[in-house]
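Student: got a sequence here, can you model it:
(one chain, ligands or ions: 1)
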Amino acid sequence: MSADSDFRFSEEFEELKHVGREQPCSAADLPVNRPKNRFTNILPYDHSRYKLQPVDDEEGSDYINANYVPGHNSPREFIVTQGPLHCTRDDFWRMCWESGSRAIVMLTRCVEKGREKCDRYWPYDTRPVYYGDIAVTALNESRYPDWTVTELMLCRGAEQRVLKHFHFTTWPDFGVPDPPTTLARFVRAFRERCPPDSRPVVVHCSAGVGRSGTFITLDTALQQLANHAEFIDIFGMVHAMRRERVWMVQTEQQYICIHQCLVAVLEGQDMAAPP
Ligand SMILES: CNC(=O)[C@H](Cc1ccc(NS(=O)(=O)O)cc1)NC(=O)[C@H](Cc1ccc(O)cc1)NC(=O)OC(C)(C)C
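Tutor: Numbering: from 1, shown residues only. Next comes the predicted model:
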């Protein structure tokens, strides 16, 4: 695939360019919802968008820039979303609560090169913070060189839940982790700690397409590998994801990175290193 300056990778990635693009995004285009989109060109398709429980007859109250995306374990294993805006972070927590999710994967820093990529939507310390009617408290935090895992307690009314926040902190926007195997080790660390249930995992970066799609594709591929799949169809996975959310795996470099990680895992490179 990488011969002749990645010619086959380029050819294959180009075939994905128009997948899903004919599908409507009418909810995202409503005037009441436009301010809820971080980017003008990253809008959720209607057919797969996550719908919040509507609030009375408030127009647009069911809207968040998020889509269900398939993984190895189910057709709606992930809810992929943009990095919350300050004005949508209450909706973000409502989505986490109403979906029953027990894990969030965050693949961007809040600020990169002086630009806001994501609101700081979770508490800085152990004091509870309210987001709408949901109180979020940080219980404990484990910091590693390339990621941080935080246990969060969510309270809504009389109900309490623990949710794990997996924050990858060294992935530059539009780029790939350096070295790429850092991503494979993060995926393994996530899988080892992710609650083993069928509830959706919330995944986001800044736009919720490039880094999020790359993470999900590698997670799916590594599970297939662990189940001794004879053939791993990266092209087919990205094709299926782009039917649900636009630009999943945004750059050719990210597409190649997925393959590089798989080769590294197959060759046993650098995977023994602890988190
Ligand atoms: C190439 N950059 C983009 O497409 C970003 C959206 C985006 C996508 C993916 C990522 N990476 S990530 O998914 O890994 O977080 C970050 C940002 N979009 C914008 O910056 C768009 C402009 C744009 C760029 C390219 C295009 O084809 C159409 C419109 N700008 C934009 O939305 O401007 C605001 C924020 C002021 C409303």
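Student: doesn't Phe13 fall inside a strand?
Tutor: No. Judged by DSSP: H, G, I helix; E, B strand; the rest coil, Phe13 forms no part of a strand; its state is helix.
Student: any idea how far it lies from Gln254?
Tutor: Distance from Phe13 to Gln254, counting by CB to CB, to the nearest Å: 9 Å. All C-beta atoms are positioned from the backbone trio N, CA, C, and that covers glycine.
Student: compare those two and say which is more crowded by neighbours.
Tutor: Neighbour count, other CB atoms under 10 Å: between Phe13 and Gln254, Gln254 has more, with 25 against 19.
Student: quick check: which element contains the more buried one?
Tutor: helix 252-266 (DSSP states H and E).
Student: name whatever forms a beta bridge with the most centrally placed residue in the chain.
Tutor: Nearest to the mean C-alpha position of the chain, by CA atoms, centre = their mean, lies Val203 at 2.4 Å. Beta-bridge partners for Val203, by DSSP bridges, are Val80, Val105.
Student: quick one: contacts for it?
Tutor: Val69, Phe78, Ile79, Val80, Thr81, Ile104, Val105, Leu107, Ser212, Phe215, Ile216 (CB atoms under 8 Å, 6 or more residues apart in numbering).
Student: can you tell me the closest non-neighbouring residue to Val238?
Tutor: Val249 (5.0 Å; CB to CB, 6 or more residues apart in numbering).
Student: likewise Arg8?
Tutor: Arg8's closest residue in space is Met1 (CB to CB, 6+ apart), at 4.3 Å.
Student: just Cys257 next, same as before
Tutor: Using CB to CB, 6+ apart, the closest residue to Cys257 is Val176 (4.1 Å).
Student: the one you found: how many residues sit nearby?
Tutor: 22.
Student: the helices in the stretch 1-150 of the chain, which residues?
Tutor: Under the criterion DSSP state H, counting those that start in this stretch, helices of the stretch 1-150 of the chain are mapped to 3-14, 26-29, 89-99.
Student: can you redo those as TSV with mean pLDDT and distance to the ligand?
Tutor: TSV is the format used below for the helices of the stretch 1-150 of the chain (pLDDT from 0 to 100; distance: least, CB to the nearest ligand atom, whole Å):
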stretch	mean pLDDT	distance to the ligand
helix 3-14	90	15
helix 26-29	98	12
helix 89-99	98	15
